[in-house]
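Undergrad: Please find the sequence and the predicted model below.
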Amino acid sequence: MAKLSEWLKGLEPVSVVGSTAIDVSGIAYDSRTVKKGDLFVCIKGFSDDGHRYLDDARQAGAVAAVVEEEVEAPDSFTVVHVPNSRRALALISDKYCDRPSRKLAVIGITGTNGKTTTSYLTRAVLAAAGERTGLIGTVRHWIGERAIVPVHTTPESLDLQELLASMVRENISSVVMEVSSHALALDRVVGVEFDAALFTNISRDHLDFHRTYDAYRAAKAHLFTLLAVSAKESKFAVFNFDDPVGRELADAWDGDALVYGLDPEADVRASALETSLNRTGFSVTFAGEERRVTIPLGGKHNVHNALGAYAVGLGLGFDRGTIEDGLTAVGQVPGRFELVVDADPFSVIVDYAHTPDALRFVLSSVKELTSGRLIAVFGCGGDRDRGKRPLMGEIAASIADYTIVTSDNPRSEDPVAIIDEILDGIDRDRTPVGVEPDRRAAIEQALSAARAGDSVVIAGKGHEDYQILGSRRIHFDDRETVRELLGAGSGSSAPVADSARF
């Protein structure tokens with residue numbers, strides 16, 4: 001418990017109505033979680049506004065509120081008006097949780113594609129170096145070996161700081177964090193003291209939220225502004241040198257940095273790539289020394305993800321043998337180039353690819369490794385960037401031998417209308433395309449069409465075990481569906497009838 005005046009230090013409020021000498025015992029941003037003695041911070045969400053629930057919070061026991069809109073202050077209740085209540089929540093939460101990021105080595109990873117896989121690879125490198133690790137990301141949050149199902153890739157600031165504080169209490173020494181563009185734009189990571197930041201790549205995504213590519217790019221770049229002002233003594237940045245924006249960010253960065261890629265000028269460079277559906281080998285050159293590495297993950301795109309983790313390890317001062325031990329020990333990353341069926345008689349890969357570039361990467365990688373035909377199943381989410389739909393249709397049709405367009409998470413949109421927008425990018429007179437709005441039926445069609453030597457890629461949902469239809473969230477898992485349809489449980493594959501022809 002502390003005086004409200006303590007929590008307000010550094011906020012520079014526009015106005016304060018009421019006393020700041022009152023005791024505050026907790027913080028809340030959801031009126032349903034308010035307890036007696038709490039400070040309630042009103043933030044605006046995507047579909048609701050905390051300012052509407054100020055009276056509910058007061059009746060639940062809140063003694064004060066932080067707002068960014070003019071509100072009427074009830075009697076015996078303190079109202080603090082600030083320019084940005086989300087930023088205020090982040091700064092107050094950091095203090096309330098006793099500044100946990102200062103007691104951890106924090107590695108932030110941002111970019112359009114590859115964040116999750118790079119975070120798992122980096123976590124494996126840290127573990128090989130003897131670090132007790134935490135991970136905050138899309139698939140799971142991890143405190144050591146304890147998993148937590150996430151609501152957001154990067155949690156809201158109070159939840160994030162409480163999660164970091166839990167890691168401190170459980171003797172975690174290093175944490176790897178996926179830092180989403182939403183989190184950066186919405187100030188969720190303000191107050192986090194980063195030791196390192198890694199940029200993977202950037203391509204079109206989340207324009208439903210950011211509106212423009214430039215705004216999206218600026219949000220990603222903001223992670224390096226936060227790194228620059230971090231209180232940590234030794235901090236460094238890592239950039240993908242093969243990505244044009246990565247080069248621009250590296251050129252603009254004024255501090256210690258490593259750049260990685262296939263480019264001969266990269267500090268950490270890969271060459272002599274050998275790939276399969278379940279492993280990738282490559283040579284890594286750093287400081288003039290070349291060493292061979294093999295990771296148990298398929299796909300050329302995972303070379304970049306591994307190089308990013310390799311560079312983080314080097315920046316942290318780990319020896320190369322330790323870094324390579326970590327990379328070779330990494331487990332399967334859920335829903336990321338996940339080989340559900342391995343060439344018996346055909347292969348099935350489930351991947352989270354839900355952007356144009358990600359879809360291109362996974363389909364191109366699988367195509368190169370397939371002796372037969374490539375069959376693609378994918379859709380696009382509803383209430384999201386509509387502009388990428390025809391782009392993804394064009395990419396799938398140009399790479400796959402047969403594409404089945406289906407539903408993803410349609411949310412409030414008509415699934416058929418989403419499919420029609422995907423089909424706008426496909427010349428159906430030149431490319432065989434199937435249409436099946438029912439995702440389970442679409443997967444069944446793909447498996448029925450597959451023959452020996454073929455590969456089936458089911459893209460878009462990856463690790464997700466649900467589908468959002470209107471306001472309903474129903475259970476649906478691409479991987480589970482494949483195993484059920486093949487009658488394989490979690491083991492080998494039994495082929496279904498070859499009923500589809502193309």
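TA: Arrived safely. As the structure is a prediction and not an experimental result, all values here were calculated from the model.
Undergrad: How about the most centrally placed residue in the chain: what's its closest non-neighbour residue?
TA: Geometric centre of the chain, nearest residue: residue 138, 4.6 Å, by Cα atoms, centre = their mean. Taking Cβ to Cβ, 6 or more residues apart in numbering, and ignoring the residues beside it in sequence, residue 138 has residue 153 as its nearest neighbour in space, at 4.5 Å. Bear in mind the C-beta positions are built from the backbone N, C-alpha and C, glycine included.
Undergrad: correct me, but the one you found touches residue 135?
TA: No - at 11.5 Å, residue 153 does not count as touching residue 135 under the criterion of Cβ atoms under 8 Å.
Undergrad: Settle it for me: which of those two has more neighbours?
TA: The neighbour count for residue 153 versus residue 135, taken as other Cβ atoms under 10 Å, is higher for residue 135 (26 against 20).
Undergrad: Contacts for the host helix or strand of that one next, please.
TA: Secondary structure from DSSP states H and E places residue 135 in strand 133-136. Identification of contacts with strand 133-136 by Cβ atoms under 8 Å, 6 or more residues apart in numbering yields 104, 119-120, 123, 126-127, 141-144, 150, 154-155, 160, 163-164, 167, 172-178.
Undergrad: For residue 356, grab the count of nearby residues.
TA: Around residue 356 there are 23 residues (other Cβ under 10 Å).
Undergrad: my bad, residue 83
TA: What residue 83 shows, counting by other Cβ under 10 Å, is a neighbour count of 11.
Undergrad: Just to check, it is in contact with residue 14?
TA: Yes - at 6.4 Å, residue 83 and residue 14 qualify as touching, with contact defined as Cβ under 8 Å.
Undergrad: On the C-terminal side of the lowest-mean-pLDDT helix or strand in the chain, identify the next helix or strand.
TA: Within the chain, no helix or strand scores below helix 207-210, which has a mean of 61 by mean pLDDT, DSSP states H and E. Downstream of helix 207-210, the first helix or strand assigned by DSSP H and E is helix 213-228.
Undergrad: from the chain's centre, how far out does that following helix sit?
TA: 15 Å (Cα atoms, centre = their mean, to the nearest Å).
Undergrad: Give the helix, strand or coil label for residue 260.
TA: strand (DSSP: H, G, I helix; E, B strand; the rest coil).
Undergrad: Which secondary structure elements does whatever helix or strand comes next after the strand holding residue 135 sit against?
TA: Later in the chain than strand 133-136, the nearest helix or strand by DSSP H and E is strand 141-143. Judged by 3 or more Cβ pairs under 8 Å, 6 or more residues apart in numbering; DSSP states H and E, the packing partners of strand 141-143 are strand 133-136, strand 146-148, helix 157-169.
Undergrad: Going by secondary structure, residue 274 is in what exactly?
TA: Residue 274 belongs to strand 268-275, assigned by DSSP H and E.
Undergrad: Run the angle between the helix or strand following that strand and strand 268-275 for me.
TA: Downstream of strand 268-275, the next assigned helix or strand under DSSP H and E is strand 280-286. Angle between the axes of strand 280-286 and strand 268-275 is 160 degrees (criterion: axes from the mean of the first three to the mean of the last three Cα atoms, to 10 degrees).
Undergrad: Contacts for the helix or strand following strand 280-286 next, please.
TA: Toward the C-terminus, strand 280-286 is succeeded by strand 289-295 as the next helix or strand (DSSP H and E). By Cβ under 8 Å, 6+ apart, the residues outside strand 289-295 that reach it are 121, 271, 279-284, 302, 306, 310, 320, 324, 327-328, 330.
Undergrad: try it again with 7 Å
TA: Strand 289-295 is contacted from outside by 279-284, 302, 306, 320, 324, 327-328, 330, using Cβ atoms under 7 Å, 6 or more residues apart in numbering.
Undergrad: Report how many residues lie close to residue 292.
TA: Residue 292: 11 neighbours (other Cβ under 10 Å).
Undergrad: I'd guess residue 480 is in a helix, am I close?
TA: Yes - counting by three-state DSSP, residue 480 is located in a helix.
Undergrad: which residue packs closest to it, ignoring adjacent ones?
TA: residue 465 (7.3 Å).
Undergrad: residues in contact with the one you found?
TA: Contacts for residue 465 were tallied using Cβ under 7 Å, 6+ apart; they are 475, 476, 477.
Undergrad: check which helix or strand covers residue 230.
TA: Counting by DSSP H and E, residue 230 is part of no helix or strand.
Undergrad: What is the burial count for it?
TA: 19.
Undergrad: on that earlier part again, please identify the deepest-packed of the helices and strands packed on strand 141-143.
TA: strand 133-136 (a mean of 26; mean count of other Cβ atoms under 10 Å).
Undergrad: in its sheet, what does it sit against?
TA: Counting by DSSP bridges, the strands paired with strand 133-136 are strand 141-143 (antiparallel), strand 174-178 (parallel).
Undergrad: can I get the ones you listed in TSV with mean neighbour count?
TA: Below are the strands paired with strand 133-136 laid out as TSV (neighbours: other Cβ atoms under 10 Å):
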stretch	mean neighbour count
strand 141-143	22
strand 174-178	27
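Undergrad: tell me the contacts of residue 221?
TA: residue 249.
Undergrad: Apologies, that question was intended for residue 230.
TA: Residue 230 neighbours (Cβ under 7 Å, 6+ apart): 193, 194.
Undergrad: Can you give me the domain boundaries for this protein?
TA: As recorded under automatic domain parsing, the domains making up the chain are 2-96, 100-329, 338-485.
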